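Student: Next input, structure requested:
(one chain, ligands or ions: 3)
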Amino acid sequence: MANPSLLILAGDGIGPEVMDQVKRVIAWFGDKRDLSFDVSEDLVGGAAYDAHGTPLHDDTMARALEVDAVLLGAVGGPKYDDLDFSVKPERGLLRLRKEMDLFSNLRPAQCFDALADFSSLKKDIVAGLDIMIVRELTSGVYFGEPRGIFEEGNERVGINTQRYTEGEIDRVARSAFELARRRSSKVCSMEKANVMESGILWREVVQKVRDADYPDIELSHMYADNGAMQLVRAPKQFDVILTDNLFGDILSDCAAMLTGSLGMLPSASLGAPTGDGPPRALYEPVHGSAPDIAGQGKANPIACILSFAMALRYSFDQGEEATRVETAIEKVLADGARTADLMGEDGGTPVTTTQMGDAILAALDQSL
Ligand SMILES: NC(=O)C1=CN([C@@H]2O[C@H](COP(=O)(O)OP(=O)(O)OC[C@H]3O[C@@H](n4cnc5c(N)ncnc54)[C@H](O)[C@@H]3O)[C@@H](O)[C@H]2O)C=CC1
Ligand SMILES: CC(C)CC(=O)C(=O)O
Ligand SMILES: [Mg+2]
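Tutor: Ligands and ions are numbered 1, 2, ... in the order given. Predicted coordinates:
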């Protein structure tokens, strides 16, 4: 049987740096676990713009639709700030998500024991934290029309449109409920139904889906601003959080700091199930291209490596191997390895991106 196929799009800034460590983990699975992948690589974001004048070449898009899974690093950076919006690096990523129809974005926030002391919050608030944010990814205000900057009278007006259809809400709600059934069966849906019609529809549809097909799920609703506050006040009250594209983007960066660093948060973006096979999927860290530390060997590769672990679990039916990676990372952190983002000013000498990769590979070796 052919090896499963992976398309790697490392992107910009720290994207290629953290992806280099993922490539070593992929090679390790080929060497040590007889689990090989047919890996191809291509450009996305600013790197694709530099080469082709577009943040995502049509050939790359076509390849992404063919492979079993895509692994992405990060896109964007100040070099591209003044580009026309249509060719900005971030548009390449949005096109991938949209054309692959990856409507369900899973962003787990787990606090590893070794980092509970380092979180922005008190240890007892985050110790043992394990929540899953399910973010709608292919609609909402990042995609709604009309959008643009227009002349209106003697001034300009910037417009974006929050738009959700019932079908779009229905399908992401189902994905959250299915996931919740494999966890604690508790979902909190967040929107702003107090001030947004799209929020009213969101709440109605989510409740309807739950009542019709998921009566075993304990569903609650919360305004997203309160949700942000509750996330930092008492995050362990949540298990699965279901929310829209914009709120999910913001709430997941917020959740990252509960775990210690944005450099710790992976994600899986999944489409609809395809027959018997796994859904279309793209895996990427939650963080961006981190221009402030790019090229300095400071980036934490754990979020990207954990994203590969999610690929093992969700695309390749290799849950035990995914756990092997997560356990290796847990061990490395317990042994004290810290990239700079995981230590305070006087925390000692941080390890580099490559040294963190070395330590994770050594822990993987020890797991055999
Ligand atoms: N999925 C993607 O490709 C994303 C791309 N971006 C893009 O990235 C660029 C920079 O955006 P920012 O707002 O600065 O967000 P960012 O996520 O790149 O960085 C925010 C802060 O977190 C730190 N950080 C992020 N990842 C880290 C890691 N792995 N290890 C250690 N520290 C890490 C950075 O150094 C920075 O101080 C922008 O062009 C933005 O549009 C932003 C978010 C997601
Ligand atoms: C397209 C990305 C730059 C948006 C983002 O911040 C994210 O998806 O987390
Ligand atoms: Mg974001």
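Student: Can you show me the helices along the stretch 51-200 of the chain?
Tutor: Under the criterion DSSP state H, counting those that start in this stretch, helices of the stretch 51-200 of the chain are mapped to 58-66, 89-99, 123-126, 166-181, 197-213.
Student: Need the ones you listed in TSV (columns: distance to ligand 2 and mean neighbour count).
Tutor: (C-beta placed from N, C-alpha, C; glycine too.) Shown next, in TSV, are the helices of the stretch 51-200 of the chain (distance: least, Cβ to the nearest ligand atom, whole Å; neighbours: other Cβ atoms under 10 Å):
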stretch	distance to ligand 2	mean neighbour count
helix 58-66	15	15
helix 89-99	4	21
helix 123-126	21	16
helix 166-181	15	20
helix 197-213	19	17
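Student: Which one, of those helices, ends up nearest to residue 336?
Tutor: Shortest distance between residue 336 and the helices of the stretch 51-200 of the chain, using Cβ to Cβ, is found for helix 123-126: 17.0 Å.
Student: Residue 170 reaches residue 210, doesn't it?
Tutor: No: if you go by Cβ atoms under 8 Å, residue 170 and residue 210 don't touch, sitting 10.9 Å apart.
Student: for ligand 1, what are the nearby residues on this protein?
Tutor: With Cβ under 6 Å from any ligand atom as the criterion, the chain comes near ligand 1 at residues 14, 18, 74-77, 90, 93, 262-263, 284, 287-293, 299-300, 303, 341.
Student: List only buried entries from those.
Tutor: 14, 18, 74-77, 90, 93, 262-263, 284, 287-290, 293, 299-300, 303, 341 (16 or more other Cβ atoms under 10 Å).
Student: Quick check: phi and psi on the residue nearest the centre of the chain?
Tutor: By Cα atoms, centre = their mean, the mean C-alpha position of the chain lies nearest to residue 267, the distance being 2.7 Å. Residue 267 adopts backbone torsions of phi -150, psi 160, taken as degrees, to the nearest 10.
Student: Could you check the pLDDT of it?
Tutor: We note a pLDDT of 98 for residue 267 in this prediction.
Student: hang on, the earlier thing: can you tell me which of the helices of the stretch 51-200 of the chain has the worst average pLDDT?
Tutor: Minimum mean pLDDT among those: helix 123-126, a mean of 93.
Student: Tell me the pLDDT of the residue of the stretch 151-300 of the chain found nearest ligand 2.
Tutor: Nearest residue of the stretch 151-300 of the chain to ligand 2, counting by Cβ to the nearest ligand atom: residue 249, 4.8 Å away. We note a pLDDT of 97 for residue 249 in this prediction.
Student: give me the element it is part of.
Tutor: Assigned by DSSP states H and E, residue 249 falls within helix 245-259.
Student: Assign the residue lying closest to residue 70 once chain neighbours are set aside to helix, strand or coil.
Tutor: Leaving out its chain neighbours, the residue that sits closest to residue 70 by Cβ to Cβ, 6 or more residues apart in numbering is residue 282, at 4.3 Å. Here residue 282 is strand, with the state taken from DSSP: H, G, I helix; E, B strand; the rest coil.
Student: Was I right to think residue 282 contacts residue 72?
Tutor: Yes: contact criterion Cβ under 8 Å: residue 282 and residue 72 qualify, at 6.0 Å.
Student: any bit of stretch 262-282 sitting next to ligand 2?
Tutor: No: between stretch 262-282 and ligand 2, judged by Cβ under 6 Å from any ligand atom, nothing touches; the nearest distance is 7.9 Å.
Student: Just the buried residues of that stretch, please?
Tutor: Buried positions in stretch 262-282, judged by neighbour count with 16+ other Cβ under 10 Å: 262-271, 278-282.
Student: Of those residues, which belong to strands?
Tutor: Under the assignment DSSP state E, the buried residues of stretch 262-282 contribute 268, 269, 270, 281, 282 to strands.
Student: quick check, nearest of these to residue 324?
Tutor: residue 268 (17.5 Å).
Student: Report the closest residue of the stretch 201-350 of the chain relative to ligand 1.
Tutor: Closest point on the stretch 201-350 of the chain to ligand 1, by Cβ to the nearest ligand atom, is residue 288, at 2.4 Å.
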